[in-house]
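A.B. asks: fold the following for me, if possible:
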Amino acid sequence: MFTGIIEEIGHLREQRAGSLVIAAGVALDGLHFGDSICVNGVCLTVTELGANWFAVDTVPETLRRSDLGALAVGDAVNLERALPTSGRLGGHFVQGHVEATAGIATIETDGDAVLVRFAASPEILRYVVEKGFVTVDGVSLTVVSRDSESFVITLIPFTREHTNLGSKQPGDRVNIETDILAKYVESLLTPVG
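C.D. replies: Okay, the predicted model is just below:
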């Protein structure tokens with residue numbers, strides 16, 4: 001379980017067949033072999049640890065659902081360690097189960113903030129509600145608005161400075177996880193079979 005409050009921006013150090021090696025600092029504190037860590041919103045298992053890096057395995061399903069397969073060496077990635085039971089829940093409940101990617105359609109200035117519009121599939125948009133939660137590249141964000149083809153979030157200066165979202169441009173792809181509660185409610189109300 002995660003909160004969507006990013007602890008650090010790491011960088012892809014190396015790509016291996018079936019795994020990623022990520023340079024980090026803060027996220028390594030207390031991290032152990034076998035721990036879960038959220039990389040750009042994707043919950044992964046730490047398989048190796050070094051002095052200033054860790055490695056995680058990736059499987060075909062992860063690469064199909066996320067943008068991790070498109071990363072290049074040096075790319076910035078958002079990192080969050082799993083929430084300790086004694087921790088504070090500052091964002092929202094994030095599982096790290098990315099459902100799909102979305103494309104950045106537009107970015108426009110809104111005072112000190114920026115409004116970012118994401119083009120998303122109907123399968124994702126059905127779970128996106130105005131003033132509800134959405135996770136974008138692992139960042140817990142509030143939805144400003146949505147329509148039949150997209151949704152908008154606002155990024156404050158702090159978020160732009162402390163996550164990889166500050167360097168994103170129109171056309172870039174990001175990982176999306178919607179609020180799990182909507183999916184459970186839908187499942188409970190939909191007959192099986």
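A.B. asks: every contact and neighbour count from this point should use C-alpha atoms.
C.D. replies: Noted.
A.B. asks: so which residues of the protein form helices?
C.D. replies: Assigned by DSSP state H, the chain shows helices spanning 60-65, 122-125, 157-162, 180-189.
A.B. asks: what average pLDDT does the biggest strand by length in the chain get?
C.D. replies: For the chain, the longest strand by residue count, based on DSSP state E, is strand 100-110. In this model, strand 100-110 carries a mean pLDDT of 97.
A.B. asks: ok, and what's touching that strand?
C.D. replies: The list of residues contacting strand 100-110 from outside it, by Cα atoms under 8 Å, 6 or more residues apart in numbering, reads 65-67, 114-121, 124, 169-177.
A.B. asks: in PyMOL, select just the buried ones from these.
C.D. replies: In PyMOL, a selection of the buried entries from the contacts of strand 100-110 looks like this (16 or more other Cα atoms under 10 Å):
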select buried, resi 65+66+67+114+115+116+117+118+119+120+124+173+174+175+176+177
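A.B. asks: among the contacts of strand 100-110, which ones are in strands?
C.D. replies: Under the assignment DSSP E, the contacts of strand 100-110 contribute V114, L115, V116, R117, F118, A119, R173, V174, N175, I176, E177 to strands.
A.B. asks: what about the nearest residue to the third one once chain neighbours are set aside, how many neighbours?
C.D. replies: In this case it means V116. Residue nearest to V116 in three dimensions, not counting chain neighbours: I107, with 4.6 Å by Cα to Cα, 6 or more residues apart in numbering. Neighbour count of I107, defined by other Cα atoms under 10 Å: 18.
A.B. asks: then V192?
C.D. replies: Neighbour tally, V192, other Cα under 10 Å: 6.
A.B. asks: now do D57
C.D. replies: Counted by other Cα under 10 Å, the residues lying close to D57 total 16.
A.B. asks: for the residue lying closest to it once chain neighbours are set aside, give its distance to A100.
C.D. replies: Nearest non-adjacent residue to D57, counting by Cα to Cα, 6+ apart: S19, 4.1 Å away. Remark: distance between S19 and A100 (Cα to Cα, to the nearest Å) = 20 Å.
A.B. asks: do C43 as well
C.D. replies: With distances taken as Cα to Cα, C43 is found 14 Å from A100.
A.B. asks: same check, this time on G10
C.D. replies: Applying Cα to Cα to G10 and A100 gives a distance of 22 Å.
A.B. asks: what's the answer for A119, then?
C.D. replies: 12 Å.
A.B. asks: repeat for P84
C.D. replies: P84 is 27 Å from A100, by Cα to Cα.
A.B. asks: these two: who's more crowded?
C.D. replies: It is A100, of P84 and A100, that has more neighbours when counted by other Cα under 10 Å, with 20 against 10.
A.B. asks: leaving out the residues flanking it, which one is nearest to the more buried one?
C.D. replies: Nearest residue to A100, sequence neighbours excluded (Cα to Cα, 6+ apart): R65, at 4.9 Å.
A.B. asks: ok, back up a step: burial count for the residue nearest to D57?
C.D. replies: Using other Cα under 10 Å, S19 is surrounded by 15 other residues.
A.B. asks: tell me if I'm right that it and T62 touch.
C.D. replies: No. The criterion here is Cα atoms under 8 Å, and S19 misses it with T62 at 11.0 Å.
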